[in-house]
Structures are given as C-alpha cells and as structure tokens.
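Student: Fold the following for me, if possible:
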Amino acid sequence: MRHVLAPSLLLAAMIPAGAQGQDGFTLDGSIRARVEGIDGQFRPATDDTAALLLRTFVAGEYRHGAFRIGGELEDARVYFERRHSSVSTTEVNAIEPVQAYVGADLGGGAAVQAGRFTMDLGSRRLISRQSFRNTTNAFTGARFDWRPAKGDGVTAFWTMPQNRLPDDRDGILSNAVAVDRETSALQFFGGEARKAQAIGAASAELYLFRLAERDDRDFLTRNRRLWTIGGRIVEAPHAGAFDVEVEGAWQGGTTRATATASDRTDLPVSAYLIHARVGRTFRGPWSPRLSFAYDLASGDGGGRHYTRFDTLFGARTFDFGPTSFYGPVGRANLSSPEARLEVTPDKRWDGYFAVRPLWLASASDGFASTGVRDATGAAGRYAGTQIDARARYWLVPNRLRLASGVALLAKSRLLRDAPNAPATGDTHYGFTEITYSF
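Tutor: Below is the predicted model of the structure:
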C-alpha cells in the first residue's frame, strides 16, 4: 500500500495546506481516494471490477500586477482493477502537467490567457473540467474573456485539445507516466456570450464551437469537422421558488462513420441536443428540492446523413449520475425523463435520489454510452431504468469531505437482447470516496 499511495502523498507533501507566499504566490489542490465497484456489466466484452482510484491535483499561480503565471499537476491512478475492465485514459493520467499558462488582465473586465489550461463554459454539457471523473479535459491554446458586469461576459478561444497518454492497454494498467500530447490535427475553437437577467431573473447564453480533426501519424480519427451552435436560458434555484433551465444545440458539418483507415466517406452531419428542467425548492427542514427533467440527444439512423450528437468535451455526472466504471447514460441516442429529489439537511450534508427511464432516440444506433447496439432495431427503443443516489458530508468544513453513492441499471429488452449485449443481468454500482482539499 505504501507504493500505491506514494505518488499522491509526495505531490501533496510538496506544499503546505493553504500556502500563500509574500509575492502573490498561491498554492492549492486536493487528494481524493475512491473505492468503486460494478457488477452486471453493461459494456460488451468487459469484466465486472472493483478498484481503488487515486487523484491528486496541485495548482500554483504567481501574480504581479496585471500579469500572472500558473500551472497545475495532476496524478490520476487506478489500482487492483481487472485487466479486462473498462479502465482507460478517463481514469489514468499519471503525473501530468494539465495546466501551464501565462495571462494578463487588460482592464475593463478583459483578460487573456495562453498555454495549457482547463475550461468550464456555460452549462458544462459541451466544455468542462471534469469533477467526478478521475482525469480531466485540458487544452493548449489561447482564450480571451471579457466580463463587464457580474453575470455578463464573452469568451473566445482557440485550442488544441490534449490527447491523454499513455493510451495503450499495458501503459494504462501500469499507471505509466507519459506527457499528454496536443497536435494541430485536432483543433477546437469558438466562443460564448452570457447575459444576466436577460429574461426576467433568468440569464441567457449563446455559443458557437468548431471541432476540426484529421488523421495523424499516431492515431486514426473519424475526421470530425463539426459546427455546434446552441443556447441556454437558466434561472437558478431559490428557496420557495421555481427554477428552470432550457438548453438546445444543433450540430452540422461532416464526419466519417468510423475511424478505420479504409473509411474515406465524409457524411454530412445533422444532430441535436435538448435539455429541459423545472424544479422547486421548498422552505423548511432539509430544504428539499424536487425537479423534473427531460433529455433528448439524436442518434444515427443510418443512410447518407450522420445524425448522432457529439457531446464534445462535456461532463455528464450532474445530469446522469456517476461515470467512471459506471456511466451508461450520455448525450447521444437518448430520450429520457428524470425525477429527482435533492436535500440539504445542513451546511455539512447534502444528497439526492433520482429515477430515470431510458429510451433510444434511434432504435438502430448504439445506446448512449453503453456500446450496445441492435442495427436491425428489433430489440426496440426501451433500454431500462436507472436509479441512483448520493450523499456527501463535510467531516471538516471546506477541508475533508466524505461521499458515497449507488446506482442500479434495471436492464430492459435492448440491453438484454441486442446481439452484443452481455448476458450479465442488471447492473449494480457503488462508490465511497474521501477528498482532502488544501
């Protein structure tokens, strides 16, 4: 166990908790240890597994006047998993400099940043720094932000998303150290505009993103050349009031159906995403909030157009429950309502319970993030029902937090009868984690 914990503890030992130097130098980070397990696997040709996941972030920034320089080191590792589990670069990225940037404040709420960095934009459904997942998305490039008033702003960026390494099976299973690589063969750029109180108390966002990729010497791609245009209206939850959120996005451009070298056919793309939610937070003990949501993401129906929505670099946990070794639900080929109850007994406790029936938008396409597909459509559109719950407690406020969660995927006809569906019964998943922030 000493060798398991050593890399994360070494990174943490490099800096004292909450250190702040005399010259505008700040340091912070976190260490998280999670035990999780899954049985009744839904992924084809993948083993059930249990594992220990460790993740450490150490971030530092030096500011002098309008200028700043910063960086962040990530150490994400997995131990004791089975060889044929679903572990991948979404769980393993050992000793990686995910951020290394310079920036400047230009005045009037404007700022620029260049180098390696992470991003959270808008709802985080399309661009996100990951939180539940063991590794995070990161980018190399430049961004410009203008925030003239609270809640208002414009962001523009041009980046090359980092490809996490190692990406071979032996390297992942051994937690090998390899610096992630960016390449001009994969570029991602665009912008977002935000306006507070655009419609009554609700804020509004508009965005336009471009993803352009091509085959590189080290990897094959689907040559995605996608435009994504969308918008969101959101009114945040308040005690004793209703809250709403509506987001819609459309994708166009071209892509290939597969990443194989023999696939040279560029298909025109027309895909879409819709998310709608209404909730109400009640006054009283535990501040219960009841919400109802509906998510629709197009799937591919075959033919001369490609119609499966691409979630780009978004996060899923806040809509669809835990990911990592679980995560069957994603924003592709999905039609799904949800009922959710959230409670906050006090400043230390919070939790939720959610129920989500799952349908396919296209019966002949692979369902969401499972990899299960019946190309004939004979297995129907109903995949099953997901039930998940989570509770979190601050053992030491703002320093040490304990969290635990469970999920059940009650499989229906598609996940049982599709040609590549594993004969494993319903899926059960659980995790317990502890996070120390400094």
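
Student: only C-alpha atoms for contact and neighbour calcs from this point on.
Tutor: OK.

Student: What pLDDT is listed against the residue positioned nearest the centre of the chain?
Tutor: Nearest to the geometric centre of the chain sits Ala315, at 2.1 Å (Cα atoms, centre = their mean). Ala315 is assigned a predicted lDDT (pLDDT) of 97.

Student: Same question for Thr155.
Tutor: 98.

Student: what do you get for Ile233?
Tutor: Turning to Ile233, the model gives it a pLDDT of 98.

Student: Quickly list what it is bridged to.
Tutor: Going by DSSP bridges, Ile233 is paired in beta bridges with Ala204, Val246.

Student: Would you check that Arg256 makes contact with Arg225?
Tutor: No: the pair Arg256 and Arg225 does not pass the contact test of Cα atoms under 8 Å, sitting 9.5 Å apart.

Student: the more surrounded of those two?
Tutor: A side-by-side neighbour count of Arg256 and Arg225, using other Cα atoms under 10 Å, places Arg225 first with 22 against 19.

Student: Is it correct that the more buried one is in contact with Phe209?
Tutor: No: if you go by Cα under 8 Å, Arg225 and Phe209 don't touch, sitting 10.7 Å apart.

Student: re earlier: in a helix, the residue nearest to the centre of the chain, correct?
Tutor: No: using DSSP: H, G, I helix; E, B strand; the rest coil, the assignment for Ala315 is coil, not a helix.

Student: got the contact list for Phe282?
Tutor: Ala239, Gly240, Ala241, Pro288, Arg289 (Cα atoms under 8 Å, 6 or more residues apart in numbering).

Student: are any of these buried, and which?
Tutor: Those of these that meet the buried threshold are Pro288, Arg289, by 16 or more other Cα atoms under 10 Å.

Student: from the contacts of Phe282, which ones fall inside strands?
Tutor: Ala241, Arg289 (DSSP state E).

Student: Helices of the chain, start to end?
Tutor: For the chain, applying DSSP state H gives helices covering 2-13, 169-173, 317-320, 413-417.

Student: By mean pLDDT, show me the worst of these.
Tutor: helix 2-13 (a mean of 47).

Student: What backbone torsions are found at the closest residue to Thr136 other than its chain neighbours?
Tutor: In this structure, Thr136 finds its nearest non-sequential neighbour in Gln130, 4.8 Å apart by Cα to Cα, 6 or more residues apart in numbering. Main-chain torsions, Gln130, degrees, to the nearest 10: phi -70, psi 150.

Student: count of residues packed around Gln130?
Tutor: 21.

Student: what sits against it?
Tutor: Thr136, Asn137, Ala315.

Student: closest to Ala193 among those residues?
Tutor: Closest approach between these and Ala193, by Cα to Cα: Ala315, at 20.0 Å.

Student: State the pLDDT value of the closest residue to Asp263 other than its chain neighbours.
Tutor: Nearest residue to Asp263 in three dimensions, chain neighbours excluded: Arg256, at 7.0 Å (Cα to Cα, 6+ apart). On pLDDT, Arg256 comes in at 93.

Student: Okay, Arg256 and Thr56: tell me how far apart.
Tutor: Taking Cα to Cα, to the nearest Å as the criterion, Arg256 is separated from Thr56 by 37 Å.

Student: tell me the pLDDT at Ala110?
Tutor: According to the model, Ala110 scores 97 on pLDDT.

Student: scratch that, Arg217
Tutor: 81.

Student: need the contact list for it.
Tutor: Arg217 makes contact with no residue, according to Cα under 8 Å, 6+ apart.

Student: any low-confidence regions in the stretch 1-150 of the chain?
Tutor: Scanning the stretch 1-150 of the chain for pLDDT under 70 picks out 1-23.

Student: Which stretches in it count as strands?
Tutor: Applying DSSP state E, counting those that start in this stretch to the stretch 1-150 of the chain gives strands spanning 25-39, 49-64, 67-79, 93-107, 110-117, 139-146.

Student: can I get the ones you listed in CSV with distance to Ala354 and mean neighbour count?
Tutor: Below are the strands of the stretch 1-150 of the chain laid out as CSV (distance: least, Cα to Cα, whole Å; neighbours: other Cα atoms under 10 Å):
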stretch, distance to Ala354, mean neighbour count
strand 25-39, 19, 19
strand 49-64, 24, 20
strand 67-79, 28, 21
strand 93-107, 31, 20
strand 110-117, 33, 20
strand 139-146, 33, 20
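
Student: which stretch among the ones you listed comes nearest Val372?
Tutor: Nearest of these (Cα to Cα): strand 25-39, 16.5 Å.

Student: and Phe209, what is it in contact with?
Tutor: By Cα under 8 Å, 6+ apart, Phe209 lies in contact with Phe188, Phe189, Gly190, Gly191, Trp227, Thr228, Ile229.

Student: who does it bridge with?
Tutor: Bridge pairing for Phe209 - DSSP bridges - gives Gly190, Thr228.

Student: Ok, Ala33 next?
Tutor: Beta bridges link Ala33 to Leu54, Ile434 when assigned by DSSP bridges.

Student: Also Phe117?
Tutor: Here Phe117, judged by DSSP bridges, has bridge partners Phe139.

Student: Please verify my assumption that it contacts Val102.
Tutor: No: judged on Cα under 8 Å, Phe117 makes no contact with Val102 at a distance of 9.8 Å.

Student: The closest residue in space to Asn137 that isn't next to it in sequence - how many residues pack around it?
Tutor: Spatial nearest neighbour of Asn137, excluding adjacent residues (Cα to Cα, 6+ apart): Arg129 at 5.7 Å. For Arg129, the neighbour count with other Cα under 10 Å is 19.
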